[in-house]
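Participant: fold the following.
(2 chains)
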Amino acid sequence: MTDGVIYDRGYRPYDGPRRGRRGARRAVVKDGVRRILGLRRKARRKVLPWSLIAVALVAAAVFVGLHFAAGSIAAALAQGLPRYGELFDFYSRIALLFIAVTGPELLAPDRTRGVLSVYFSRPLTVDDYLASKAAAYLLVAGAIYVVPQAVLHLGLAFLSDDGFFAYLGANLDVLWKVPVVAVAYLAIHGAVVGVLAAHMRRPGMAAAAFLGVVVAGGGIAAELATSNLPSARWLALLAVDDHPRILRDWIFGIDTQTFAAERVGFEPWVSAIAVVVVAAVGAVWVRWRYRRLA
Amino acid sequence: MADHVIVVDGLTHRYGSVTALADLTLGVPPGVTGLVGANGAGKTTLLRILLGLVHPTAGRVSVLGHDVAADPLAVRARVGYMPETDCLPADQTAADFVAYTAELAGLPPREARRRSSETLYLVGLEEERFRHLGDFSTGMRQRVKLAQAIVHDPALVLLDEPASGLDPEGRDQMLALIRRLGGFGIDVVVSSHVLTDIEQTCDWVVMLDAGHLVRSGPLTGAERSRTVTVEILGDAGAVARALQARGIPVAVDGSTLAVGPGDDDLFDAVCDAAADTGAGILRMGRGVTSLEDEFIARAGNPPR
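Facilitator: Have a look, this model is predicted:
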């Protein structure tokens, strides 16, 4: 018979490294990415985000395949296949749904479950918390815009008659145009979903409100902008979802459609300012809200 | 007050026209300190000021040698906090949540996960650590709240009503855990409106009443002692004599006996004495404690 010894593991002091605010911010970003993607959560939390990601990636592969099937880039363009600018129309709708599903989940549960009282008892400021959440949002939602465009870019480079590297060299402008337009979409949508998620208790309600503001609200504002109401043209600026699309057309030099703000005479730079203003107002609003909660 | 972990000097805090804390000056020494007072006495406000989450209207606060107003993040890096309210995300496992809170305190991810497991083991949740918090009972949730407060090895933990919502057994277990923290070299401030919890757990007590300091001082042995009040059916004098013959002090007031002070063995002694003398016991329970007596004498109402 052996002598069994039971040890009480008790409590061990920790004298290892402490990373302070930098470590805290990194932890919030990591947790934010996990929360958006439903990682380390129950299976049902993964279904919607990963379904939308799958649609985005499959669609990117299909677009590249269609270009290959056309035989050349010129033939693909002749067939009306979408390129970088037009592709935003498709991916912005996927991203819109993705943000509606995941945006409120990123912010609302921490507030409604009272977890903020724990987080802010750590060496973490409100600005650290919000900036880290925004970073997680930009990282994941931004990938929905950028990754399919990158897949298309590389696919077209392989297809190019001029050769892979010659195509890349001739299309360097894509490297800034795509991120800039993606940031415009993300800023508008992020500001709206952030404000709603900072106030509403249920993520589902916040998601519905987000889609209502962006899609239905934009449609109503666009209709009213051309009505006989006094100063009606300014209402076109409330169609917030149009501003990144106007910017996209401006930056890529394309004309996908005439948006409400354009119909009433606003220049594209007005939409650029509108994007900045909406993003800034959203950021200040959410910060004000969380400073009251902390 | 050089050896105090908390130094409060002339602290006043107002919410609009309501004064939550009025000119508090006190020092809290190392060890386990009880912060007692009725609901609304200012306990939670004081804890939040200690963390730098609420800026006081006037006065200075120093925690672990750091001026809270000047460097709140340095304080929060070495302090753990267990809120009174629900503060757990339903969709995370206990292990993930506690590890995350450790990372928020600056621990590297690998260390955070290791300490999460160790701390959950310490609070008795080793088996349940991979279950989602939404499936936890109240007692388990309180333990997770305690685990997140100590996972980063703080020098000081602030526990706001840690036994709130627990049944008697869970309350005893929670108080035992808190007593153990003192043994690990972690200084503790535990807020409660239940004086017996403080008597069982603490070395020092800070009493607040409507934002005013009633007392800040050590808990003496006399205050820890507890009596049993018994209402006798029959000859109370005979029961008293039987108890006194066992060396137990008894005060007689008609048919009511105040027995003790002493520990839980008093109940058995009373039952034995009643059986020996043929008397009946109409009612028996813990007597009013001296800490409660003092609170009533100084503040007017017991903190219930």
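
Participant: contacts, neighbours, all on C-alpha from now
Facilitator: Fine.

Participant: quickly note the distance from A:Ala221 to chain B.
Facilitator: Separation of A:Ala221 from chain B (CA to the nearest CA, to the nearest Å): 38 Å.

Participant: contact partners for whatever residue of the stretch 201-304 of chain B ends up closest to chain A?
Facilitator: Taking CA to the nearest CA, chain A has its nearest neighbour within the stretch 201-304 of chain B at B:Thr201, 18.7 Å off. Applying CA atoms under 8 Å, 6 or more residues apart in numbering or on different chains to B:Thr201 gives the contacts B:Val32, B:Gly34, B:Leu175, B:Ala176, B:Ile178, B:Arg179.

Participant: how about 10 Å then?
Facilitator: Applying CA atoms under 10 Å, 6 or more residues apart in numbering or on different chains, one finds that B:Thr201 lies in contact with B:32-34, B:175-180, B:182, B:190, B:195, B:219, B:224.

Participant: can you flag the buried ones in the residues you listed?
Facilitator: Neighbour-count burial within these applies to B:32-34, B:175, B:177-180, B:182, B:190, B:195, B:219, B:224; the criterion is 16 or more other CA atoms under 10 Å in any protein chain shown.

Participant: on that earlier part again, from the contacts of B:Thr201, pick the one nearest A:Phe210.
Facilitator: Closest approach to A:Phe210 among the contacts of B:Thr201 (CA to CA): B:Val190, at 42.9 Å.

Participant: can you tell me the SS state at the closest one?
Facilitator: Local secondary structure at B:Val190 is given as strand here, using DSSP: H, G, I helix; E, B strand; the rest coil.

Participant: residues near the residue in the stretch 151-300 of chain B that chain A sits nearest to, how many?
Facilitator: With CA to the nearest CA, the shortest gap between the stretch 151-300 of chain B and chain A falls at B:Asp153, namely 5.8 Å. Other residues near B:Asp153 come to 26 when the count uses other CA atoms under 10 Å in any protein chain shown.

Participant: what helix or strand does the closest residue to A:Gly38 other than its chain neighbours sit in?
Facilitator: The spatially closest residue to A:Gly38, leaving aside those adjacent along the chain, is A:Lys46, at 4.6 Å (CA to CA, 6 or more residues apart in numbering or on different chains). Secondary structure assigned from DSSP states H and E places A:Lys46 in helix A:44-70.

Participant: name the helices or strands packed onto that helix?
Facilitator: Judged by 3 or more CA pairs under 10 Å, 6 or more residues apart in numbering or on different chains; DSSP states H and E, the packing partners of helix A:44-70 are helix A:20-37, helix A:73-78, helix A:84-112, helix A:126-159.

Participant: what helix or strand does B:Ile281 sit in?
Facilitator: Element membership for B:Ile281 (DSSP H and E) is strand B:280-286.

Participant: what is the burial count for residue 127?
Facilitator: Picking chain A for this. Applying the criterion other CA under 10 Å, we find 13 residues in the vicinity of A:Asp127.

Participant: my bad, the chain I had in mind was chain B
Facilitator: When neighbours are counted by other CA under 10 Å, B:Glu127 registers 9.

Participant: check contacts around it.
Facilitator: Contacts for B:Glu127 (CA under 10 Å, 6+ apart) come out as B:Leu120, B:Tyr121.

Participant: how about it, phi and psi?
Facilitator: Dihedral angles phi and psi of B:Glu127 (degrees, to the nearest 10) take the values phi -70, psi -30.
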